[in-house]
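After the sequence you'll find the predicted model.
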Amino acid sequence: MALAVFLLVGAIAVASAIGLIVRRNPLHGALFLVVNLFCVAVFYLMLEAEFLAAAQVIIYAGAIMVLFVFAIMVLIPGTEELGADPLAWQRRIAVPLGLFLLIEVGFLFRTRLVPLEPPPAAPGGIQAVARMLFTDYLLPFEVTSVLLLAALVGVLALTRRKA
Amino acid sequence: MVPWSYYTALSAILFAIGVVGVLVRRNPLVIFMSIELMLNAANLAFVALGRQHGSADGQVIVLFVMTVAAAEVAVGLAIIVAIFRTRERISVDDLTLTRW
């Protein structure tokens, strides 16, 4: 049952990822990416990471993708990929290189990681995550707030500049 | 229970698709979305392997990745909008200077 769900949602995830890179209209790409993010959220649920599944939907599919769609609407898409392609050779070798990368990563995953059978108990959901976040990872957590502040200041500086 | 290798295989596939997207597309917005795809693929591998090892570290790191992705998207989109204001045309192949 779990395997059937995995295969179905995985097929949707791969199809939507391909849709993102083949559709010319960036807005269609953004909607495909939302589908992909939802599929990953389903995987998080299947991996017993309920908090991350909720955060994925709220932060990624909600906040970040709204930002993307807003930027696409502002920037009037669809006209910038017409005309002669100055780097046509790069597009042609990109797909073989991507396949090579896939084989490479698959090989790494096959050889470097020793499979643990059977899997141990689940780490304990949101309580375990919160305990680690506020003990072992407290410093990175605080640095994250500085990062967000820096992003806020940077965006303000960029958009207020009179170019 | 789905084997962990299925998740890592799916993660590798999604990451490779994201890399191809960055290489083949000229619209910086689509390139950004492909980068988000790659970040998500890495997140999936983090969670799957964390689950496999029975540890919550993977989930905590994914939380940090999400934060970094949000900051990156905000700054990146601001840069793209600023470029579009001055150039009226966005294609990454035109942007060979870091200062315009």
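In hand now; what should we look at?

Could you give the average pLDDT over the one helix or strand B:R85 maps to?
For B:R85, the element it lies in under DSSP states H and E is helix B:57-87. For helix B:57-87, the mean pLDDT works out to 87.

so what does that helix touch, helix or strand wise?
Secondary-structure packing of helix B:57-87 (3 or more Cβ pairs under 8 Å, 6 or more residues apart in numbering or on different chains; DSSP states H and E): helix A:50-55, helix A:65-75, helix A:125-134, helix A:138-160, helix B:28-52. For every residue, glycine as well, the C-beta is placed using N, CA and C.

any idea which of these is most buried?
Comparing these by mean neighbour count (mean count of other Cβ atoms under 10 Å in any protein chain shown), helix B:28-52 ranks first with a mean of 23.

wait, doesn't A:V129 sit right on A:A54?
No. The criterion here is Cβ atoms under 8 Å, and A:V129 misses it with A:A54 at 11.7 Å.

Next up, the contacts around the residue nearest the centre of chain A.
Most central in chain A under Cα atoms, centre = their mean is A:L37, positioned 6.6 Å from the mean C-alpha point. By Cβ atoms under 8 Å, 6 or more residues apart in numbering or on different chains, the residues touching A:L37 are A:56-57, A:60-61, A:65, B:40.

What strand or helix carries it?
Secondary structure (DSSP H and E) places A:L37 in helix A:26-46.

Only alpha carbons, please: show that helix as CSV.
The C-alpha trace of helix A:26-46 is given here as CSV (Å, rounded to 0.1, in the frame of the first residue of the first chain):
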residue,chain,number,x,y,z
PRO,A,26,7.1,30.6,-16.4
LEU,A,27,3.6,30.7,-14.8
HIS,A,28,2.9,27.1,-15.8
GLY,A,29,6.3,26.2,-14.5
ALA,A,30,5.4,27.8,-11.1
LEU,A,31,2.2,25.8,-10.9
PHE,A,32,4.1,22.6,-11.8
LEU,A,33,6.5,23.4,-9.0
VAL,A,34,3.6,23.8,-6.5
VAL,A,35,2.5,20.3,-7.5
ASN,A,36,6.0,19.0,-7.0
LEU,A,37,6.2,20.7,-3.5
PHE,A,38,3.0,19.1,-2.5
CYS,A,39,4.3,15.7,-3.6
VAL,A,40,7.4,16.2,-1.5
ALA,A,41,5.1,17.1,1.4
VAL,A,42,3.3,13.8,1.0
PHE,A,43,6.7,12.0,1.1
TYR,A,44,7.4,13.9,4.4
LEU,A,45,4.2,12.6,5.8
MET,A,46,5.1,9.0,4.7
